[in-house]
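> sequence first, predicted model second:
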Amino acid sequence: MSTPALGSVLSRPRLLIPVLSVAAMGAWGMSIAAGSTYTFDAGIHRLALSAHVLAMVLAFGAVIVVDWVGFLWLIGKRGLHDTSRLESAAAPLIWIGLMGLLLTGAFIRPDITNPATQLKMCCVLGLMLNGISLVPAMRTLHALPGGTMFRDVAANLRARLLVARGSLSGLLVDGDHDRLRQQHEPPLAPP
């Protein structure tokens with residue numbers, strides 16, 4: 001299949017969402033498999049842990065700003081296109097942060113038998129799938145007139161947007177687990 005044909009196929013949400021979801025689940029699975037299989041020295045572990053926290057801050061910070069401006073639109077303090085422009089600008093930061101979490105997570109050797117780690121990993125997957133599932137909703141929002149208020153949006157789209165705000169709680173679980181793990185982790189031996 002040529003590149004333009006592939007782009008045409010993936011521009012249709014009915015195909016784009018499943019393709020992106022499978023890719024996200026594959027990347028998530030590979031990160032877990034690599035993280036539980038390979039062991040790296042203390043220096044790489046420290047560097048990866050620092051980068052993991054930075055990736056979380058990048059994704060978390062961008063989501064907070066998008067959610068805040070979305071909330072301001074919801075209560076009528078910002079215009080729809082303010083929210084749309086910000087979401088378009090922040091989306092790459094969110095995805096870079098999530099991909100950074102997956103990449104660095106493979107280097108920090110997570111304890112996949114720990115229920116807290118399992119919860120964190122499931123939250124990261126849920127965040128990615130939530131973000132992917134929002135693609136059609138955001139396209140619909142971007143197509144609405146600039147003066148559209150939240151109350152003017154179709155009920156099913158309003159419900160979808162409110163449910164999607166669970167993304168913030170997923171990042172909170174991820175960040176809280178990292179903080180707890182760092183407190184209880186034995187110090188690494190110097191190289």
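Noted; the coordinates are in hand.
> give the residue spans of the chain that score low on pLDDT.
For the chain, the stretches flagged by pLDDT under 70 are 1-11, 13, 165-191.
> give me that answer again for 50
Applying pLDDT under 50 to the chain flags residues 176-184, 186-191.
> all helices for the chain, in order.
Applying DSSP state H to the chain gives helices spanning 3-10, 13-37, 42-74, 80-105, 115-133, 135-143, 155-164, 167-184.
> in TSV, list those along with distance to residue 149 and mean neighbour count.
C-betas here are computed from N, CA, C, even on glycine. Output for these, formatted as TSV (distance: least, Cβ to Cβ, whole Å; neighbours: other Cβ atoms under 10 Å):
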stretch	distance to residue 149	mean neighbour count
helix 3-10	32	10
helix 13-37	25	15
helix 42-74	8	17
helix 80-105	8	18
helix 115-133	24	18
helix 135-143	12	15
helix 155-164	11	14
helix 167-184	22	16
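> separation between the closest residue to residue 80 other than its chain neighbours and residue 114?
Leaving aside its chain neighbours, residue 80 sits nearest to residue 148 (4.8 Å; criterion: Cβ to Cβ, 6 or more residues apart in numbering). Separation of residue 148 from residue 114 (Cβ to Cβ, to the nearest Å) stands at 45 Å.
> before we move on, the earlier item: and the residue nearest to residue 80, backbone torsions?
Phi and psi for residue 148, reported as degrees, to the nearest 10, are phi -60, psi 130.
> test my guess that it contacts residue 83.
No. Applying Cβ atoms under 8 Å as the test, residue 148 and residue 83 come out as separate, 10.2 Å apart.
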